[in-house]
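Participant: Structure for this input, please:
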Amino acid sequence: MKSSFKTNIPPVTCTNDFNYHIPLLIVTSLLITLLSACASTITKESSHIISLPSDKQLTIRTSPNLALSPDGKLIVYPADTVNGDTRQLYLQPVYGQSGKNLEGTTGGETPFFSPDGKWIGFFADGKLKKVPIDGGEPQDICNVTSPTGGSWGKDNSIVFADGPVWQVPSSGGSPQQITQILPGEQHSWPTLLPNDKIIFNLLPNDRTTSMVVMQKIGTKNRTILLEEGNYPRYIDSGYLVFNDAGSLKAVSLDIKRNLLSGEPVIITEDVLVSVNSGASQYSISKSGDLVYLPGRIFGRSRHIVNLDRQGNERDPGLPLRRYSYVTYSPDGRYLAIEANEQILIHDIQNNSTLGVIETATFPVWGPEEDDITFSSVNNGVAGLYQVSIYNLNEIELIISGEYPVNHSYSWSGDGQSFAYTEIRPDSGMDIWLRRGNLPPEPIYNSPVHECCPVFSPDGRWMAFIAGEPGKPDVYIQSLSTPETRIRVSDNGGREPVWSRSGKDLFYWQDRQLMAVEIPSDSGVKMEPPTPLFQGVFVSSTSTWRTRYDISPKDDEFVIIRRGAEEMGVTELNYIPNSTDRLGQ
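Facilitator: Numbers count the residues shown, from 1 in each chain. Below you'll find the model as predicted:
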């Protein structure tokens, strides 16, 4: 572009006359100042958009996806592979040059850098692992069950949340438990500080919003830093950074005295956050360089749709919301829909809301036809509750305990048996069964995960998934002869749903919905699964829990289509020295 810089200062002729020297010096000084400012602007790296390769797109899930190297020059994230569901860690420079796959990291999630920037920690296949950025095979560090974040300290130890927060040498070994979980609590997204302290998110059993807590390793003393805030990080300049409902904020933190000073200041708005898990899609270097994904509230533009077995789509007319689960009532009159930690009872015929169950998640119909069973915290007690949709004020607690029980569950057709999953530190995710008024008992509690138990309509079978994290398969097992177990999926599978007739079982394999005919005789070999349709839905990219259903006529599925901000991400925002503005 041609410059059109102009000035009203008259031309100056260089002579020996002193009167001309003064304006000349002024002009020279102004020009030097202007050129210096321009040079500084050109030299200083500025905020910009980082373009990801078109074949390395990012599908956002309820875990942090971005990690920025300590020097702010490299980004690692789990990129979608060709089939769209499996992911592999991809290393991308902030400026220039092309990135590269990190071999051996298939299925990797929640990456984080070592303090020297030479290694990347991540979770995959039920393990905490590390991989060198220069190439090489990943190395196992320890086993994990349901991890929610990790952080690599300067002392070559790693802290990670898996139920409580644990600490393990980065070279591998037996993890040592750091935090103690009170009944119903959730601990997540820990960061290891330089002085043997950690900060992490703590969700109490009587709240729906997480606190930011600091704790000294080796003690049980906790300091509440913030009553509300998600995904806390600490940077060397002495700031605690956190997401507050989509606004990224920072506040000065004295880590020696466990004290905040001043009011939180906004670094930038519109940073994507999952309000359920607290995971926020940003990463900040030790000097304050920031990479993030805009979008504010994760999943807010999801859409409930109906699809027939050929994949033809129909819009039932519900508004865009942050939907998580949807299931038909036994008679097909209603949908129970989880959205924003509420359960909506939707009248299909009238396209209206019959009622709302507040602070409730994971809806399932039963034991009576008009009952809803759900997970909640009521009067400080976390557990599973039930209520009639025609009398939402009469809520009854049916299951509670020391360990989380807020996962998928199912009632038998006669309403006498109830299956659910529970997470224990010694055996992972297990399936429990309560028959009548008898105490619950574990029925599948092997060293691998078991989840998503669903009774067949005739009560003869239970379908469930089992396997290492990231490698589950669908099974059916006879309830009368427990030794009769059949693997249904032939190449991985999850989220089983029975047809109402009981003749078919549906499940997801990657982003493909599969159907398999279940023989009436348990000794008859099943036919290979049949693919129905594929797409990018909440179900097709989740890991365990069943989030879709089939109509009572077995002719139509109800399913949640992902919002645009969740899939096909090819651009990230980058701000160097983002905390410089905090002093302004």
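Participant: center of this structure, which residue is that?
Facilitator: residue 62 (1.3 Å; Cα atoms, centre = their mean).
Participant: Tell me how far that one lies from residue 299.
Facilitator: Residue 62 sits 8 Å away from residue 299 when distances are taken as Cβ to Cβ, to the nearest Å. Placement of C-beta: from N, CA and C, glycine included.
Participant: quick one, helices of this protein?
Facilitator: 18-43 (DSSP state H).
Participant: just to revisit the earlier point, can you check which residues contact both of residue 62 and residue 299?
Facilitator: Residues touching both residue 62 and residue 299 (Cβ atoms under 8 Å, 6 or more residues apart in numbering): residue 274.
Participant: and the residue nearest to the centre of the chain, what does it touch?
Facilitator: Contacts of residue 62 (Cβ under 8 Å, 6+ apart): 274, 276-277, 279, 298.
Participant: Can you tell me which of these is nearest residue 565?
Facilitator: Nearest to residue 565 among the contacts of residue 62: residue 298, at 7.3 Å, using Cβ to Cβ.
Participant: Near the closest one, how many other residues are there?
Facilitator: 25 (other Cβ atoms under 10 Å).
Participant: so it makes contact with residue 562?
Facilitator: No: the pair residue 298 and residue 562 does not pass the contact test of Cβ atoms under 8 Å, sitting 10.3 Å apart.
Participant: Can you read off the pLDDT for residue 109?
Facilitator: For residue 109, the model assigns a pLDDT of 93.
Participant: I meant residue 40, not that one.
Facilitator: 34.
Participant: just the one 3 residues further on next, same as before
Facilitator: For residue 43, the model assigns a pLDDT of 32.
Participant: Same check on residue 270?
Facilitator: 88.
Participant: Could you measure from it over to residue 296?
Facilitator: The gap separating residue 270 from residue 296 is 5 Å, by Cβ to Cβ.
Participant: Can you get me a residue count around residue 227?
Facilitator: Counted with other Cβ under 10 Å, residue 227 comes out at 10.
Participant: Assess the claim that it and residue 210 are in contact.
Facilitator: No: using Cβ under 8 Å, residue 227 makes no contact with residue 210, being 9.5 Å away.
Participant: Just grab the bridge partners of the nearest residue in space to residue 328 that is not next to it in sequence for me.
Facilitator: In space, and not counting its chain neighbours, residue 328 is closest to residue 549: 4.9 Å by Cβ to Cβ, 6 or more residues apart in numbering. For residue 549, the beta-bridge partners under DSSP bridges are residue 558.
Participant: Count the residues that sit near residue 549.
Facilitator: 23.
Participant: Equivalent analysis for residue 128, please.
Facilitator: Count around residue 128 with other Cβ under 10 Å applied: 24.
Participant: Show the pLDDT at it.
Facilitator: 97.
Participant: gap between residue 230 and residue 273?
Facilitator: Taken as Cβ to Cβ, the span from residue 230 to residue 273 is 6 Å.
Participant: which residues do these two both contact?
Facilitator: With Cβ under 8 Å, 6+ apart, residue 230 and residue 273 have common neighbours 243, 279-280.
Participant: with those in mind, which one is nearest to residue 179?
Facilitator: Nearest member of the shared contacts of residue 230 and residue 273 to residue 179, counting by Cβ to Cβ, is residue 279, at 18.5 Å.
Participant: surely the closest one meets residue 189?
Facilitator: Yes: counting by Cβ under 8 Å, residue 189 is a contact partner of residue 279 at 7.1 Å.
Participant: More neighbours: which of these two?
Facilitator: residue 189 (28 against 25).
Participant: can you give me the end-to-end distance of stretch 362-377?
Facilitator: 13 Å (Cα to Cα, to the nearest Å).
Participant: repeat for stretch 333-343
Facilitator: 16 Å.
Participant: Same question for stretch 413-422.
Facilitator: For stretch 413-422, the end-to-end distance is 22 Å (Cα to Cα).
Participant: Give me the buried positions along it.
Facilitator: 417-422 (16 or more other Cβ atoms under 10 Å).
Participant: And for stretch 255-266?
Facilitator: For stretch 255-266, burial by neighbour count (16+ other Cβ under 10 Å) applies to 258, 260, 264.
Participant: now that stretch, how far from the chain's geometric center?
Facilitator: 27 Å (Cα atoms, centre = their mean, to the nearest Å).
Participant: burial measure for residue 345, as a count.
Facilitator: 22.
Participant: Kindly report the same for residue 213.
Facilitator: A count of nearby residues for residue 213, using other Cβ under 10 Å, gives 20.
Participant: ok now do it, which residues does it touch?
Facilitator: By Cβ under 8 Å, 6+ apart, the neighbours of residue 213 are 199-202, 222-225.
Participant: who does it bridge with?
Facilitator: Where residue 213 sits in a bridge, its partners, by DSSP bridges, are residue 200, residue 224.
Participant: Can you give me the pLDDT of it?
Facilitator: Looking at residue 213, the pLDDT reads 97.
Participant: And for residue 543?
Facilitator: 57.
Participant: got it, and residue 532?
Facilitator: 95.
Participant: Next, find the distance separating it from residue 332.
Facilitator: 20 Å.
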